[in-house]
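Enquirer: Here you go, sequence then predicted model.
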Amino acid sequence: STPPNELLSFSLKVHIMTARTVILSVATALLLALSSKALADDLNAFIPPSVAPIEQFPVPEMAEPSADVAPFEYEDVGPKIPNYLPNQQWGTQGDIITKMQKPLPPEESVKHYIVPKNFHLELFLDESDLQGKPISMNWDERGRLWISETVDYPNELMPPSEGRDRVRICEDTDQDGRADKFTIFAEDLSIPTGIEFCRDGIVIQAGVETLFLRDTDGDGKADQREVLITGWAMNDTHGGVSNFQYGLDNRYWAMQGYNDSKPQYAGGEHPGFRQGPWNFTIGGSPAHPEVTNVEFIRSTNNNSWGLGSSEEGLVFASTANGVPSVFVPIPNRYYESVRGWTPQLVAESISRDHLFDPITENVRQVDWHGGYTAGAGHALYTARTYPKSWWNRVAFVCGPTGHLVGTYVLERDGANYRSDNPFN
């Protein structure tokens, strides 16, 4: 038998252990509750609010035009500037325009932009820092801007490795908001229209080729050059591949213009597609990447340059002419896999109309007068600096012939989306 004092000691130990367990359980529950509340508060700061109808979207008040601007100056260049008129017969022209505005210094030019109140523009670099027309760009995780600059575009597409275009890395080393260090990463390209980062290098579209470029020795210049995809048609340099983006599905997405292409790659050959979003998978070895698959997603109805996605992975697009906002739903492959079941496989416009609202009457257009006829981009706002109502809801579509960046507000419409352009 056990002595009474040992039984008492054992009983006390059990009670103490039980009390400790209770205290630990209560403390754990309290910490979990506090952590859950903190986590909920943190998440609440990042989760967009419930979506109100487009008609209730809080349209910001725009700033007044700056009064501190120098007057425009013009020069007579002779009868060289076409003046297309709205007409049933395409190409009808009015009186030839002979005066052209002289360029402004960058610091003066930026004064002419009008943005919402409490927004402002900052000049990171200007043309004097480059040696060609900037045609595509992307920011890396170090805050450096990668720009592809072109001399060849639009009329002088060169054979592979014989172009005059380049990729330049622009860096702000002293943190004053202006680029002060410029490194030529790659040269001998022709019409480079898309940049995305991949395996410590970049994937870039260079005319008729999709390339992988990488700096292997740390000098800031690409010394590895791999051809990933060939077979891109460039009958019209406005109708090529653009807008490379790395997707949430670990595939590289891009937009194809209206050139009819038949991509060839290490994993095979695609039978061909034109005008619409597509994507591809990169495999191979770490040292030598290869494209293993190319998929065409959905046709658009005309030449296309715009692509964007939300944090949920929803894909949107824009076309050059008259269709500034498109939702890209189920990929074609799901329909094509069922014999006899092929609905309309052209993504249609989700915007109320194609019109835009310039702040100047000095707008020249070839067609689609008064609206988007050179629409480019459909970048959704996924950061957290702008108002909460913008998060994953507002897309930016450039309308260069109207001198503007349009702001499209998105709203679910059943299984589809609709959009409108209430402000620039």
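Expert: Here it is on my side, so go on. Numbering: from 1, shown residues only.
Enquirer: Test my guess that residue 423 contacts residue 62.
Expert: Yes - between residue 423 and residue 62 there is a contact under C-beta atoms under 8 Å: 6.9 Å. All C-beta spots, glycine's among them, are computed from the backbone N, C-alpha and C.
Enquirer: Now the common contact residues for those two.
Expert: residue 116 (C-beta atoms under 8 Å, 6 or more residues apart in numbering).
Enquirer: Can you give me the buried ones in stretch 74-87?
Expert: Within stretch 74-87, no residue counts as buried by 16 or more other C-beta atoms under 10 Å.
Enquirer: One more: stretch 152-162?
Expert: Neighbour-count burial for stretch 152-162 flags 152, 153, 157, 158 (criterion: 16+ other C-beta under 10 Å).
Enquirer: and the gap between the second one and residue 273?
Expert: Taken as C-beta to C-beta, to the nearest Å, the spacing of residue 153 relative to residue 273 amounts to 23 Å.
Enquirer: And the first one, by the same measure?
Expert: Distance from residue 152 to residue 273, counting by C-beta to C-beta: 25 Å.
Enquirer: just the last one next, same as before
Expert: According to C-beta to C-beta, residue 158 stands 25 Å off from residue 273.
Enquirer: again, but for the third one
Expert: For residue 157, the distance to residue 273 under the criterion C-beta to C-beta works out to 21 Å.
Enquirer: before we move on, what about residue 212?
Expert: Using C-beta to C-beta, residue 212 is found at 22 Å from residue 273.
Enquirer: per-residue confidence averaged over the one helix or strand residue 166 maps to?
Expert: Element membership for residue 166 (DSSP states H and E) is strand 165-171. For strand 165-171, mean pLDDT rounds to 98.
Enquirer: what helices or strands is it leaning on?
Expert: On a contact count with 3 or more C-beta pairs under 8 Å, 6 or more residues apart in numbering; DSSP states H and E, strand 165-171 meets strand 145-150, strand 181-189, strand 192-198, strand 201-206.
Enquirer: Out of the ones you listed, which one sits most buried?
Expert: strand 201-206 (a mean of 25; mean count of other C-beta atoms under 10 Å).
Enquirer: Quick one: list the elements packing against that one.
Expert: Here strand 201-206 touches strand 165-171, strand 181-189, strand 192-198, strand 209-214, strand 241-246, going by 3+ C-beta pairs under 8 Å, 6+ apart.
Enquirer: Mind checking those strands for the one nearest to residue 267?
Expert: With distances scored as C-beta to C-beta, the stretch of the helices and strands packed on strand 201-206 nearest to residue 267 is strand 209-214 (13.1 Å).
Enquirer: strand partners of that closest one, parallel vs antiparallel please.
Expert: Here strand 209-214 has these sheet partners by DSSP bridges: strand 201-206 (antiparallel), strand 224-230 (antiparallel).
Enquirer: residues making contact with it?
Expert: Here strand 209-214 has contacts from 160, 167, 185-186, 189, 198-205, 222-230, 232, 241, 263, 282, 289, 291, using C-beta under 8 Å, 6+ apart.
Enquirer: Against residue 103, how distant is residue 72?
Expert: Taken as C-beta to C-beta, the span from residue 72 to residue 103 is 10 Å.
Enquirer: cool, residue 184 as well?
Expert: Taking C-beta to C-beta, one finds residue 184 at 25 Å from residue 103.
Enquirer: For the most centrally placed residue in the chain, list each beta-bridge partner.
Expert: With distances taken as C-alpha atoms, centre = their mean, the chain has residue 379 as the residue nearest its mean C-alpha position (4.4 Å). Counting by DSSP bridges, residue 379 is bridged to residue 396.
Enquirer: residues contacting it?
Expert: Each residue near residue 379 by C-beta under 8 Å, 6+ apart is listed here: 308, 395, 396.
Enquirer: What are the boundaries of the helices in this protein?
Expert: With DSSP state H as the criterion, the chain has helices at 4-46, 106-109, 332-336.
Enquirer: Pull the residues that contact the shortest one.
Expert: Just to be clear, that refers to helix 106-109. Contact with helix 106-109 is made by 69, 70, 103, 123, 126, 127, 128, as judged by C-beta under 8 Å, 6+ apart.
Enquirer: if we go to 7 Å?
Expert: If you take C-beta atoms under 7 Å, 6 or more residues apart in numbering as the criterion, helix 106-109 is touched by 70, 123, 126.
Enquirer: I figured residue 264 hits residue 230, correct?
Expert: Yes - at 5.0 Å, residue 264 counts as touching residue 230 under the criterion of C-beta atoms under 7 Å.
Enquirer: So residue 171 is in contact with residue 147, correct?
Expert: No - Residue 171 lies out of contact with residue 147 (C-beta under 7 Å); the separation is 11.4 Å.
Enquirer: helices and strands of this structure: which one has the lowest mean pLDDT?
Expert: One helix or strand of the chain scores below all others by mean pLDDT, DSSP states H and E: helix 4-46, with a mean of 50.
Enquirer: The residue nearest to residue 148 when sequence neighbours are not counted and residue 217: what is the separation?
Expert: Excluding the flanking residues, the one nearest residue 148 by C-beta to C-beta, 6 or more residues apart in numbering is residue 192, at 3.8 Å. Applying C-beta to C-beta, the value for residue 192 to residue 217 is 22 Å.
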